[in-house]
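[1] With the input below, show me the fold.
(2 chains)
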There are 2 protein chains.
Amino acid sequence: MDIFNDEYFMRQALNEADDALLEGEVPIGAVVVMENKVIARGHNHTQRLNDVTAHAEMEAITAAANHLGAKYLNDCTLYVTVEPCVMCAGAIAWAQVGTLVYAASDPKRGYTTLERPVLHPKTLVRTGVLAEESEKMMKDFFASKRNG
Amino acid sequence: MDIFNDEYFMRQALNEADDALLEGEVPIGAVVVMENKVIARGHNHTQRLNDVTAHAEMEAITAAANHLGAKYLNDCTLYVTVEPCVMCAGAIAWAQVGTLVYAASDPKRGYTTLERPVLHPKTLVRTGVLAEESEKMMKDFFASKRNG
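    Residues are numbered from 1 along each chain as shown, chains lettered A, B, ... in the order given. Model prediction:
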């Protein structure tokens, strides 16, 4: 059995989300995978960097491009624990990411709420991988913010 | 007569676009203005940084937040020489930019091609300021790419 499946890599993205949580950030994480290897990681840093654009996906895309020395990520899979927002979907489109896999949906801010497709037409999408864990992490985080 | 009008600041954004051009980048520039002062600048760096997310607006927003030590740009005006793409519009929304002013429209990649409004509902928008100059710059650039 191949251990390098979607759950394996989504677990790595959830580890990134855990790191975000420890830093007091919204718990969202991402990894970029090429040929079964994680080539880039990222997690939310909007608080620490005081920068609304410092989303997990943006970090991971920039890091992957740096790693490859190439702008386009056609042969890569981006795993992210929550459905990308419109900004990140735009970045994923520009980067021509080969495959996008996300866990939890974001019915409020997610890019699929847009009527026109935003991603590059060749990007494959798979959703729902470890969605419950990611959703729980987000719910707990926002509940703790409200109560604390 | 107030010299600090939209044309004055769009001229600054066009200067940034000029800098991009000199560096072989797509000629798009942006400035962020608060109380009639330019507090941040940016121009396209996708080639040099090998990073599809290095758009003028993204740079300018991050720089403005750094300058202010604050994430939200409610009291700022963002001037950009070309209509923002979906990614940048998403960033402008997260940053809650007070006013957006752009010169040339981008009927192919511009965020207004989306049916659902992407910007923050409080963001004001003005368009067409120095549009011809910006359009000429873009056209010349892509023409020179095709012919050279």
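[2] Flag the shaky bits of chain A, pLDDT-wise.
    Applying pLDDT under 70 to chain A flags the ranges A:1, A:148.
[3] which residues of it fall in helices?
    Taking DSSP state H as the test, the helices found in chain A are A:6-22, A:56-68, A:86-94, A:131-147.
[4] Out of those helices, flag the one nearest residue A:122.
    Closest to residue A:122 of the helices of chain A is helix A:86-94 (Cβ to Cβ; 10.3 Å). (C-beta placed from N, C-alpha, C; glycine too.)
[5] re the thing from before, so which of the helices of chain A is the most packed in?
    Highest mean neighbour count among the helices of chain A (mean count of other Cβ atoms under 10 Å in any protein chain shown): helix A:86-94, with a mean of 27.
[6] ok, residues contacting that helix?
    Here helix A:86-94 makes contact (Cβ atoms under 8 Å, 6 or more residues apart in numbering or on different chains) with A:53, A:55, A:57-58, A:61, A:78, A:80, A:84, A:100, A:109, A:111, A:114, A:118-120, A:123, B:52-53, B:85-91, B:93-94, B:118.
[7] what do you get for stretch A:96-106?
    A:6, A:9-10, A:13-14, A:61, A:72-85, A:92, A:112, A:119-120, A:122-131, A:133-135, A:138.
[8] What's the separation between residue A:116 and chain B?
    Using Cβ to the nearest Cβ, to the nearest Å, one gets 6 Å for the distance from residue A:116 to chain B.
[9] burial measure for that residue, as a count.
    Neighbour count of residue A:116, defined by other Cβ atoms under 10 Å in any protein chain shown: 9.
[10] I am assuming it contacts residue B:114, so please confirm or correct that.
    Yes. Residue A:116 is in contact with residue B:114 according to Cβ atoms under 8 Å; the separation is 5.6 Å.
[11] Skipping adjacent residues, who's closest to residue A:135 in space?
    In space, and not counting its chain neighbours, residue A:135 is closest to residue A:104: 4.4 Å by Cβ to Cβ, 6 or more residues apart in numbering or on different chains.
[12] The one you found - how many residues pack around it?
    Neighbours of residue A:104 (other Cβ under 10 Å): 24.
[13] how near is residue A:138 to chain B?
    For residue A:138, the distance to chain B (Cβ to the nearest Cβ) stands at 17 Å.
[14] which residues touch that residue?
    Going by Cβ under 8 Å, 6+ apart, residue A:138 touches A:26-28, A:82, A:104.
[15] give me the beta-bridge partners of the spatially most central residue of chain A?
    Residue closest to the average C-alpha location in chain A (Cα atoms, centre = their mean): residue A:80, at 2.5 Å. Bridge pairing for residue A:80 (DSSP bridges) gives the partners residue A:30, residue A:102.
[16] Show me what from chain A comes close to chain B.
    With Cβ under 8 Å from any Cβ of the partner chain as the criterion, chain A meets chain B at residues A:46, A:50-53, A:58, A:61-62, A:65-66, A:69-72, A:85-91, A:93-95, A:113-116, A:118.
[17] Thank you, goodbye.
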